[in-house]
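# Predicted structure and sequence below. I'll ask about it afterward.
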Amino acid sequence: MPGELAIFPLETVLFPDGVLTLRVFEARYLDLVSECTAANVPFGVCLITEGSEIDPGARHEAVGCTARIVDFDVEESGLLNVRARGGQRFRVLSRQIRQDGLIRADIEMIEPDVDVAVPREHADCETLVRRLVDDLVAREKDPMRRMIAEPYRFDSASWVGNRICEFLPIAPRARQKLMELDDPVTRLSLIHQYLNQHQVL
């Protein structure tokens, strides 16, 4: 269903259920955080394709992911630390740049991945994510500071694949292509192939 969304172009790819941490100092994005928090609405994260995060004219990918703010605090310097959670993928249909430099876009939501179990042939991927979560829990007791958020859905091909994608040492554009895939098993299969080629599994 079409709708409107404020867009935050970033040099990172956000996945559904992913964790996003931001340090915000620009007035336009301070306004974005304020508006989204007050109205309890998400904003959109899109990977930058041209320009930079501080460039008002930055171009970005057409497919992004919604982000909902779950926590924030203000430093003495005035910097705003934001923690957000990835929601649903969307496609930008058109966009407008407001006078304050904030991008607003007409978007359509992309159907969530079909919720299927991790195939037996990719069980190593599930084991890898379990180890990753165990390591994060051991190093950080506060769930709100971990880079993988609860609930942990180790039985979901989509969730497991997305979590591995967030940590793979690959170019942002490659991460974007994985995020855009409609089939979670295809995504997991490509990840499994990469991990085997690089002797991670």
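Alright, I've got the coordinates.

# Could I get the buried residue list for the lengthiest helix in the chain?
Secondary structure of the chain per DSSP state H: the longest helix is helix 123-139. Neighbour-count burial for helix 123-139 flags Cys125, Glu126, Leu128, Val129, Leu132, Val133 (criterion: 16 or more other CB atoms under 10 Å). Backbone N, C-alpha and C define where each C-beta goes, glycine included.

# Identify the residues contacting the first one.
Which is Cys125. Cys125 makes contacts with Val118, Val160, Gly161, Ile164, Leu188, Ile191, His192, Leu195, Leu201, as judged by CB atoms under 8 Å, 6 or more residues apart in numbering.

# Reformat those as TSV; add pLDDT.
Listed next are the contacts of Cys125 as TSV, based on pLDDT from 0 to 100:
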residue	pLDDT
Val118	97
Val160	98
Gly161	98
Ile164	97
Leu188	97
Ile191	96
His192	96
Leu195	95
Leu201	61
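
# Inside helices: which ones of the residues you listed?
Per DSSP H, the subset of the contacts of Cys125 in helices is Val160, Gly161, Ile164, Leu188, Ile191, His192, Leu195.

# Quick one: list the elements packing against the lengthiest strand in the chain.
Ordering each strand of the chain by length in residues (DSSP state E) puts strand 80-97 first. In terms of contacts (3 or more CB pairs under 8 Å, 6 or more residues apart in numbering; DSSP states H and E), strand 80-97 is packed against strand 2-10, strand 19-24, helix 27-39, strand 43-50, strand 63-74, strand 103-109.

# Dump stretch 102-115 to PDB, restricted to CA.
The C-alpha trace of stretch 102-115 is given here as PDB (Å, rounded to 0.1, in the frame of the first residue of the first chain):
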ATOM      1  CA  LEU A 102      14.900  16.500   4.500                       C
ATOM      2  CA  ILE A 103      13.900  13.900   1.900                       C
ATOM      3  CA  ARG A 104      10.300  12.800   1.900                       C
ATOM      4  CA  ALA A 105       9.300  10.000  -0.500                       C
ATOM      5  CA  ASP A 106       6.100   8.300  -1.800                       C
ATOM      6  CA  ILE A 107       6.700   4.600  -1.200                       C
ATOM      7  CA  GLU A 108       5.100   1.200  -1.500                       C
ATOM      8  CA  MET A 109       5.800  -1.500   1.000                       C
ATOM      9  CA  ILE A 110       7.400  -4.800  -0.100                       C
ATOM     10  CA  GLU A 111       5.800  -8.000   1.200                       C
ATOM     11  CA  PRO A 112       7.800  -9.500   4.000                       C
ATOM     12  CA  ASP A 113       9.800 -12.600   3.400                       C
ATOM     13  CA  VAL A 114       7.900 -15.900   3.500                       C
ATOM     14  CA  ASP A 115       8.600 -17.300   7.000                       C
END
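
# From the rest of the structure, what touches it?
So stretch 102-115 is contacted by 1-7, 9, 16, 28-29, 31-32, 44, 63, 88-98, 156-158, 182-184 (CB under 8 Å, 6+ apart).

# Tell me the buried residues within the residues you listed.
Buried, going by 16+ other CB under 10 Å: 5-7, 9, 16, 28-29, 31-32, 44, 63, 89-90, 92, 95, 156-158, 184, out of the contacts of stretch 102-115.
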